[in-house]
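K.L.:
Have a look; sequence and predicted model below, questions after that.
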Amino acid sequence: MINKYEIIVIGAGHAGVEAALAAARMGKITGLFVLDINSVASMPCNPNIGGTSKGHLVKEVDALGGQMGKNIDKTYIQSRMLNTSKGPAVQSLRAQADKHAYANAMHKTLESEPNLDLIEAEVIKVIKENNKITGVETINQKYTSNAVIVCAGTYFRSLCIHGEKSFDTGPNGSKNSHGLSKNLQDLGVVMYRFKTGTPARIERDSIDFSKMIRQEGDINPIPFSFEDKSMVERKQIDCWLTYTNKKTHDIIQANIHRSPMYSGVIEGAPTRYCPSIEDKIVRFSDKERHQVFIEPEGLDTSEMYIGGMSTSLPEDVQEEMYRSVEGLENCRIVKYGYAIEYDAIDATTLKLNLEHKEISGLFFAGQMCGSSGYEEAAAQGIIAGINAVLMLDNKEPFIIDRSEGYIGVLIDDLVTKGTKEPYRMMTSRAEYRLLLRQDNADLRLTHFGFELGLINKERYNKFLLKKEQIEQEIDRVLKVNIAPSESLNKFLQAKNLMMISTGVKLGDLIKRPELTYDDLKEFDKDRPELPTEVRNQVNIHIKYEGYINRQLKQVEQFKRMEKKAIPENIDYMNIIGMRLEARQKLEKIKPINIGHASRISGVNPADISVLLVWLEAKYKGLAKV
C-alpha cells in the first residue's frame, strides 16, 4: 500500500465511484476510501436507476465516459421508458436493478482500474496547510494528496430513526462517520442537518399479487449507455402497483403523534419530492389514495421494496399500516422502514466546479451536497473527479452550463441557489428541456468526454459517424418533395388525415402529429438504410423543428449573459445603489458571470442593472450586453 496519491476520494457510493473512476481514467493515481468494502455502490433505498429526469442524468454521465449507465445495462432486471405518451423532452428511461449484482459489478470495475486503489479505512481528518489540501488521516495512518473529493452520502453523523428509537448508524445499520464531519466544520465548512428515509422490505411469498396491477418491462428495452447498441437479453421481472386506502390513512392519522417527523425527534429538513407516507397523508389530506409500487430487489433475494410508502413510524404501526393495503393483508416484513438524519454541507460555499471556495483542492459531490438520489450523486461525482484532475494540471475547470445538460442545471441550482432540503432533479427545473433530451445526451456531451480523455477514439469515431448521418439525413429530408399519389392518399385517409392534391415537402408531412419519419418510408424513394438511433433523431428534429429553433434563440441570449465574466475579488458591499440583501448574496456566492449572478436567490433584475452599470464604469466595456 502506498501513502501518496494524486487524488483521494472519500466514500464509495454512487458519487465516489464516478469521481474515482474519472480521476483514474484521466491518468491520476487515485485512492478511494470506504468505511465498509461491502458497501461499494450500494443501494440502501430504492433498487432502481433512472426515472423522470434522473434518466437524463444517467445518459449524460455515460456521454461523458462515466460508469453508471454501463453498470445498470449489465445488471437490470426490468427496463421501462416512462412518459411515452408525452413528448421526447420528458420521456425518461428507468431500470429496476438487481441491487447486489449492480454493487458487485461496480466493485469489480473499480478493482480492475489500473490507477485506482480501493481501501477500507475511515478517514477522520482532512489536512490542509495555507488553505490548500495536503492529505488525509485515517485512524491508523496519513496519506498525502493535493486534491480530496468528499462523497460521504448520508454517513456523516447519521442517525437511523424508528418511531421513538434512534440508532447511531449509517443506512441499514452500517458504520457511520463522526470524526470527519467535525473536522470539516472545524475547517470552516458549513453544515446543515437533512433527513430522508426508506420503506419496509416485504417477503415476496407473503404478497397477494392477484389484487395488484402488473407493471411489465418494455419488449425491446433501450440501453442507458450509448456504447451499448442493445440490451443484454434476459427475462424481465414484473413490478406491481397497488394503492393505499381510507383504512391506511386512518391508521396513520391515529398514530401521527408517534411519528418522529411530527413528535420533534427528527430535526433535519425532509425531502419535499420524496415524502414519507405519513407526510403525504398530512400534506395531501384530500387524496383518497396514494400509489404503492411493489418492486423486486434482485434475483437472489425474495425481498420486495414498497415504493411510495417510506416511513419512520414505530414497527407495530408499520405492520398494521402495510397490512391495510390491498394485496399486503398477510405480508411479512423483512426490514422495517426508517428515517435517516445526517449532516450535509451548504453547497453555496462551493464553486461551480464543486471545489470549496476557501480551501484549494477540497471538492465535494453527492448527497452530502444537498441532493437526493443515486443519479444526482453520480452526476456530481464525475464532475468533481474531472475538475480535481484539471485543478492539479493547472487547467481551466470543466463546467456544464444550464443550456448544455441536466448536470449543469443540477450543479448550478445547488451552488447558486442553495437548498434547505434534499434536492431532487426534475424536468421542470430545466429551462431548455426540449434541447436537453435524454436521447441526444451523446450529441451534446460526448465531445467533452473525448477531449477530457474519458471517451476512447473508437467510441468517438462511431459518435462522429452517427452525428454526420443525422445531419445529412435531416438536410436531405427537408429538400424532398412528395408528389400526390393514390397510395399516399389511401395511407393518409386511413390515418384520418387530409389527402393531398399537390406536391408537399416530406418534412411537412413528418411534422403532422399523427405521422413519423418511419411511417413515410415507402413514399421516400431515396431514403437510405440508417440505424434506429439515427432515424429517431431525424424524426424528433424535424417534428419539433420550430420549437427547437425557438429554444436555440433563447440559448443564444443565455450564452451572451454567461460570456460576460465578472472579475474575481469584487467587494460587492461597496457597490452603491444596490440593495443590502443582493450585496450580501453576491458576496457569498461570488458569481463568475452576469448570468450566474442573475440566478442567485435574492438578487432581482434591478440589482443586475445596478451591477452592470457599476461594472461598465469600473471595467470599461466588460458588462455590455
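P.N.:
Arrived safely. Just so it is clear, the model here is predicted, and its values are computed rather than measured. Numbers count the residues shown, from 1 in each chain.
K.L.:
For the rest of this, base every contact and every neighbour count on C-alpha atoms.
P.N.:
Fine.
K.L.:
This protein - how does it break down into domains?
P.N.:
Domain segmentation of the chain under automatic domain parsing yields 7-196+342-452, 201-339, 469-550, 564-618.
K.L.:
So which of those domains is nearest K462?
P.N.:
Among those, the nearest to K462 by C-alpha to C-alpha is domain 201-339 (9.2 Å).
K.L.:
In CSV: the domains of the chain, plus distance to F463, mean neighbour count and mean pLDDT.
P.N.:
Written out in CSV, the entries for those read as follows (distance: least, C-alpha to C-alpha, whole Å; neighbours: other C-alpha atoms under 10 Å; pLDDT from 0 to 100):
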stretch, distance to F463, mean neighbour count, mean pLDDT
domain 7-196+342-452, 8, 22, 96
domain 201-339, 9, 18, 91
domain 469-550, 10, 15, 95
domain 564-618, 31, 17, 92
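K.L.:
Dihedrals phi and psi, the spatially most central residue of the chain?
P.N.:
For the chain, the residue sitting closest to the mean C-alpha position, by C-alpha atoms, centre = their mean, is E376 at 2.8 Å. According to degrees, to the nearest 10, the main-chain angles of E376 amount to phi -60, psi -40.
K.L.:
OK, contacts around it?
P.N.:
Contact criterion C-alpha atoms under 8 Å, 6 or more residues apart in numbering gives 54, 57, 366-367, 410, 424-425 as the residues in contact with E376.
K.L.:
I'd like the distance between it and M426.
P.N.:
11 Å (C-alpha to C-alpha, to the nearest Å).
K.L.:
so what sits against both of those two?
P.N.:
Where contact means C-alpha under 8 Å, 6+ apart, the residues bridging E376 and M426 through contact with each are K54.
K.L.:
Which stretches in the stretch 251-400 of the chain count as strands?
P.N.:
Using DSSP state E, counting those that start in this stretch, the strands of the stretch 251-400 of the chain run over residues 291-296, 303-307, 333-335, 338-345, 362-364.
K.L.:
do you know which of those strands lies nearest V265?
P.N.:
Taking the strands of the stretch 251-400 of the chain one by one with C-alpha to C-alpha, strand 338-345 is closest: 10.3 Å.
K.L.:
who does that closest one pair up with?
P.N.:
Strand 338-345 sits in its sheet next to strand 159-162 (antiparallel), strand 191-198 (antiparallel), going by DSSP bridges.
K.L.:
circling back to that earlier point, any idea which of the contacts of E376 is closest to M498?
P.N.:
Within the contacts of E376, distances to M498 taken as C-alpha to C-alpha reach their minimum at K54, with 39.7 Å.
K.L.:
For that closest one, which non-adjacent residue is closest in space?
P.N.:
E375 (5.9 Å; C-alpha to C-alpha, 6 or more residues apart in numbering).
K.L.:
In contact with that neighbour, which residues?
P.N.:
By C-alpha under 8 Å, 6+ apart, the contact list for E375 reads 14, 49-50, 54-55, 57-58.
K.L.:
Distance of it relative to R94?
P.N.:
Distance of E375 to R94, given as C-alpha to C-alpha: 11 Å.
K.L.:
Next, show the common contact partners of these two.
P.N.:
Common contacts of E375 and R94, defined by C-alpha under 8 Å, 6+ apart, comprise 49-50, 55.
K.L.:
what's the nearest residue to T516 if we skip its chain neighbours?
P.N.:
Of all residues not flanking T516 in the chain, I510 sits nearest, at 5.2 Å (C-alpha to C-alpha, 6+ apart).
K.L.:
Any chance of the backbone angles for the one you found?
P.N.:
In this entry, I510 is assigned phi and psi values of phi -60, psi -30 (degrees, to the nearest 10).
K.L.:
Next: L410.
P.N.:
Backbone torsions for L410, taken as degrees, to the nearest 10, come to phi -60, psi -50.
K.L.:
Tell me the one of the contacts of E376 nearest R599?
P.N.:
Once C-alpha to C-alpha is applied, the member of the contacts of E376 that ends up nearest R599 is L410, at 13.0 Å.
K.L.:
Isn't the closest one up against S428?
P.N.:
No: the pair L410 and S428 fails to qualify as a contact (C-alpha atoms under 8 Å) at a distance of 11.7 Å.
K.L.:
what comes into contact with stretch 385-397?
P.N.:
7, 18-23, 26, 28, 146-149, 353-354, 361, 363, 398, 452.
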